[in-house]
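Asker: here's my sequence, what's the structure:
(one chain, ligands or ions: 1)
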Amino acid sequence: MTTKLRAIQADLTTLAVDAIVNAANGSLLGGGGVDGAIHRAAGSELLAECRTLGGCAVGDAKLTRGYRLPARHVIHTVGPVWHGGAEGEAQLLAACYRRCLEVAAAAELRSLAFPSISTGIYGYPIAAAARTAVATVQDRLPRYPGIQEVIFCCFSATDLAVYEYLLGVSAWASE
Ligand code: AR6
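Answerer: Down below sits the predicted model:
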């Protein structure tokens, strides 16, 4: 199972996977960070489709087409804003990863790439967020045999080191 999972350092908008995940806000109408980059790369048709979706709750996820992106689809999810960790942030972040996998499987997608949801503008500490991301995907992926590949797409080398450490530790622990 762990062979399906890997971390890379890349610009998410360049990946030719079945779906990239967008770390959006509840309006789904665009923003900064990876959300802004995805909308710029996909073109205005993405915003037009997003306008039809009626927003998205924190922890939920919604599917659109990818338009001018190399990725065929975008799964828009809304991560929690970090308030110190005692306001259910970990549960909400885990819900994002679970819902994205569920939406991907329901659409029969085989490959998807996640950014590190909530760890930019929303302020979630990278080590804690990555632990939840890796643990949640590892826990849920066996339910979805159709999903062949999940990529954790890191923007920085330090984020990549965190994910590689977590993926390495869990591979070692399961030997
Ligand atoms: N490719 C991969 N990762 C990226 C890219 C990229 N092109 N650009 C940024 N990242 P953020 P959030 C990383 O701030 O914290 C928006 O305004 C970034 O380094 O994009 O969930 C939305 O509309 C970080 O590791 O998302 C919301 O209002 C990760 O992506 C709000 O920001 C997430 O950072 C969401 O904040």
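
Asker: does the ligand have contacts with the helix or strand encompassing residue 105?
Answerer: Mapping residue 105 onto the secondary structure by DSSP states H and E places it in helix 89-106. No: with CB under 6 Å from any ligand atom as the measure, helix 89-106 is seen stopping short of the ligand, the closest distance being 9.1 Å. (Glycine included, C-beta is placed from N, CA and C.)

Asker: run the chain-centre distance for that helix.
Answerer: Helix 89-106 sits 9 Å away from the centroid of its parent chain (CA atoms, centre = their mean, to the nearest Å).

Asker: using PDB, list the CA coordinates for it.
Answerer: This file holds the C-alpha atoms of helix 89-106, laid out as PDB (Å, rounded to 0.1, in the frame of the first residue of the first chain):
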ATOM      1  CA  GLU A  89      -8.400  21.500  13.600                       C
ATOM      2  CA  ALA A  90      -6.900  17.900  13.300                       C
ATOM      3  CA  GLN A  91     -10.400  16.300  12.900                       C
ATOM      4  CA  LEU A  92     -11.300  18.900  10.200                       C
ATOM      5  CA  LEU A  93      -8.000  18.500   8.400                       C
ATOM      6  CA  ALA A  94      -8.400  14.700   8.400                       C
ATOM      7  CA  ALA A  95     -11.900  15.100   7.100                       C
ATOM      8  CA  CYS A  96     -10.500  17.100   4.100                       C
ATOM      9  CA  TYR A  97      -8.200  14.200   3.200                       C
ATOM     10  CA  ARG A  98     -11.000  11.600   3.700                       C
ATOM     11  CA  ARG A  99     -13.500  13.500   1.600                       C
ATOM     12  CA  CYS A 100     -11.000  14.100  -1.200                       C
ATOM     13  CA  LEU A 101     -10.300  10.300  -1.400                       C
ATOM     14  CA  GLU A 102     -14.000   9.600  -1.400                       C
ATOM     15  CA  VAL A 103     -14.800  12.100  -4.100                       C
ATOM     16  CA  ALA A 104     -11.900  10.800  -6.200                       C
ATOM     17  CA  ALA A 105     -13.000   7.200  -5.900                       C
ATOM     18  CA  ALA A 106     -16.600   8.100  -6.700                       C
END
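
Asker: mind listing what's buried along the helix or strand just after that helix?
Answerer: On the C-terminal side of helix 89-106, the closest following helix or strand by DSSP H and E is strand 111-114. Buried residues in strand 111-114, counting neighbours by 16 or more other CB atoms under 10 Å, are found at 111, 112, 113, 114.
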